[in-house]
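**Q** Structure, please.
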Amino acid sequence: MMRILAVASALTILSAAEAAAPAASPPVDRCVMSRFWSDTYRPTPAFPNQTRAPAPTKPSQFKVKVLANGLVHPWSLAFLPDGRMLVTERPGRMRIVSQDGKLSPPIQGLPPIKVVAGEGLHDVLLDRQFATNRFVYFTYFAPLADGVLKGEQPAWQAWIEMPAGEHEAKEYGYSRLARARLSADGTRLEDVKVLLDGADRRVIQLADGKLLVLGAAPVGGLQAVDDEPQHLENPYGKVLRINADGSIPEDNPWVGKPGTRPEIFAIGQRDQEGGALHPRTGELWTVEHGPRGGDELNIVRRGRNYGFPLISYGRNYSGDPILNGKTAQEGLEQPVYFWTPSIAPSGLLFYTGTLFPQWRNSVFVGGMAGKRLVRLELSGERVVAEEPLLVDRCRRIRDVRQGPEGALYVLTEEEDGELLRITP
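**A** Here you go, the predicted model:
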């Protein structure tokens, strides 16, 4: 029987940053999911305010409205031209949500999606020319094709390793980016085309129409370290760059080099769960999960190496250091910011609206294990203040987006997930 999706009534809650502890000293919070939240591991930063930046001089004041609930592990949202939102749910559903919180039935026409552990349907993005072409991009985990054996997976095939005792074997599937056309009535995806195999996290479209796709490194067990991000023959732990039709740009940094994936734009990332273009420079900024600590905010530039696992501000899940705790090396990029213990960042937004003048030059990051929305004040390419928001709500934050009117829209990653609207 179809799950009944409830729409919250006009529930409005006044919130302020004083409900959260100062960023410089995260508390042992009953709401925080991570069992490592009380870790005292404190690696030395490379420069001031690379971690634990001070709180802002004036806490943010805002109100929160639950616009809709009953979404099952929602992952991403994108605004349609009329102000409604496309929302993805990890179990393989895409819906349209109106500005008054009404949820449509699931949109038809999605390809087969494999749901295992945290994998399923992920990001959604409208093409810059959506008003004329109605193209929608989405990332997902696809089931194995018939006849492909587990021991014969190609280089671009991903896998999930379940915890011991929970599953008999590794679960295999394809990390994919696809494009489709949303029907005029918004009820169906048509002309679905797979553009890329090997990455299923976020997708970002550049001003010239090209796509940047974020991938994760396969990890499992207590070590939580895989050296695939340093190998150029696979897409794991990379940022990939393709044309909007799936073809390869000729100016990608490793095009034409033997033994490399020509889609690769940058390497050395771990598990990138958020990405956005800086409103002034147009450069890609991303957030990624470290292992046990060492979550990062990075500026991703062409051909650069971001170090994992050669350097890291985190440790293995076992608590053992990674490569003797090395955090810097010549030729490897430093993060703009990092978190220990992990907040499990997901979603990234540069605020450019007018509803919150004090939030200009701020970047917002969702925290899943940390159960908070993080606001970072920036001065150029450096963080000068960190402010935790929504801590009192005790929800895993999966995505954050700016609405056409300048409000923030936040998805909570829960079995009964919420869509929140934040206004002054």
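**Q** Assign a three-state SS to the residue most central in space within the chain, would you?
**A** Geometric centre of the chain, nearest residue: Glu273, 2.3 Å, by C-alpha atoms, centre = their mean. Of the three states, Glu273 takes strand under DSSP: H, G, I helix; E, B strand; the rest coil.
**Q** OK, contacts around it?
**A** Arg201, Arg202, Leu214, Val287, Glu288, His289, Ala344, Pro345, Ser346, Gly347 (C-beta atoms under 8 Å, 6 or more residues apart in numbering). Quick note: C-beta positions are derived from backbone N, CA and C, even for glycine.
**Q** nearest to Ser318, of the residues you listed?
**A** Nearest to Ser318 among the contacts of Glu273, counting by C-beta to C-beta, is His289 at 16.6 Å.
**Q** dump the residue contacts of the closest one.
**A** So His289 contacts Arg270, Asp271, Glu273, Asp295, Ser342, Ala344, Pro345 (C-beta under 8 Å, 6+ apart).
**Q** For Leu297, give me its contacts.
**A** Applying C-beta under 8 Å, 6+ apart to Leu297 gives the contacts Trp285, Thr286, Val287, Pro335, Val336, Tyr337, Phe338, Pro345, Val363, Val365, Leu376, Val383.
**Q** ok, now which ones touch the nearest residue to Pro54 once chain neighbours are set aside?
**A** Nearest residue to Pro54, sequence neighbours excluded (C-beta to C-beta, 6 or more residues apart in numbering): Ala385, at 5.8 Å. When contacts are counted by C-beta under 8 Å, 6+ apart, Ala385 touches Ala53, Pro54, Ala55, Pro56, Thr57, Leu376, Glu377.
**Q** Can you read off the backbone torsions of the residue nearest to Pro81 when sequence neighbours are not counted?
**A** Leaving aside its chain neighbours, Pro81 sits nearest to Ala131 (5.7 Å; criterion: C-beta to C-beta, 6+ apart). Main-chain torsions, Ala131, degrees, to the nearest 10: phi -60, psi -30.
**Q** What's the separation between Ala131 and Ile204?
**A** Going from Ala131 to Ile204 by C-beta to C-beta, to the nearest Å gives 19 Å.
**Q** Pass me the low-pLDDT residue ranges in the protein, would you?
**A** 1-30, 33-35, 145-171, 218-225 (pLDDT under 70).
**Q** so where do the strands sit in the stretch 251-400 of the chain?
**A** Secondary structure of the stretch 251-400 of the chain, counting by DSSP state E, counting those that start in this stretch: strands at 264-267, 271-277, 284-289, 295-300, 337-339, 345-350, 362-367, 372-379, 382-389, 397-402.
**Q** what's the closest of those to Gly120?
**A** The nearest among these, by C-beta to C-beta, is strand 397-402 at 12.2 Å.
**Q** Give me the contacts around the closest one.
**A** 73-79, 274, 346-349, 351-353, 364-368, 371-373, 390, 408-413, 417.
**Q** quick one, strands of the stretch 1-150 of the chain?
**A** Going by DSSP E, counting those that start in this stretch, the stretch 1-150 of the chain shows strands at 12-16, 61-71, 74-79, 85-89, 93-97, 121-126, 135-143.
**Q** Columns distance to Arg304 and mean neighbour count on top of the ones you listed, output as TSV?
**A** TSV is the format used below for these (distance: least, C-beta to C-beta, whole Å; neighbours: other C-beta atoms under 10 Å):
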stretch	distance to Arg304	mean neighbour count
strand 12-16	38	13
strand 61-71	36	20
strand 74-79	26	24
strand 85-89	30	24
strand 93-97	33	22
strand 121-126	23	23
strand 135-143	23	23
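**Q** can you put the ones you listed in TSV and add distance to Asp185?
**A** Shown next, in TSV, are these (distance: least, C-beta to C-beta, whole Å):
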stretch	distance to Asp185
strand 12-16	32
strand 61-71	21
strand 74-79	18
strand 85-89	14
strand 93-97	10
strand 121-126	16
strand 135-143	14
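**Q** nearest to His278, of those strands?
**A** Among the strands of the stretch 1-150 of the chain, strand 121-126 sits nearest to His278 (C-beta to C-beta), with 17.2 Å.
**Q** pull the CA atoms of that closest one into CSV?
**A** The C-alpha trace of strand 121-126 is given here as CSV (Å, rounded to 0.1, in the frame of the first residue of the first chain):
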residue,chain,number,x,y,z
LEU,A,121,18.7,7.7,-5.8
HIS,A,122,20.8,10.7,-4.9
ASP,A,123,21.3,14.1,-6.6
VAL,A,124,19.0,16.0,-9.0
LEU,A,125,19.8,19.0,-11.1
LEU,A,126,18.0,21.0,-13.7
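**Q** quick one on the thing from earlier: filter the contacts of Glu273 to the buried ones?
**A** Among these, those classed as buried by 16 or more other C-beta atoms under 10 Å are Arg201, Arg202, Leu214, Val287, Glu288, His289, Ala344, Pro345, Ser346, Gly347.
**Q** for the residues you listed, which one is nearest Tyr137?
**A** Arg202 (10.3 Å).
**Q** which residues touch that closest one?
**A** By C-beta under 8 Å, 6+ apart, Arg202 lies in contact with Ser76, His122, Asp123, Thr139, Val213, Leu214, Gln272, Glu273, Gly274, Gly275, Thr286.
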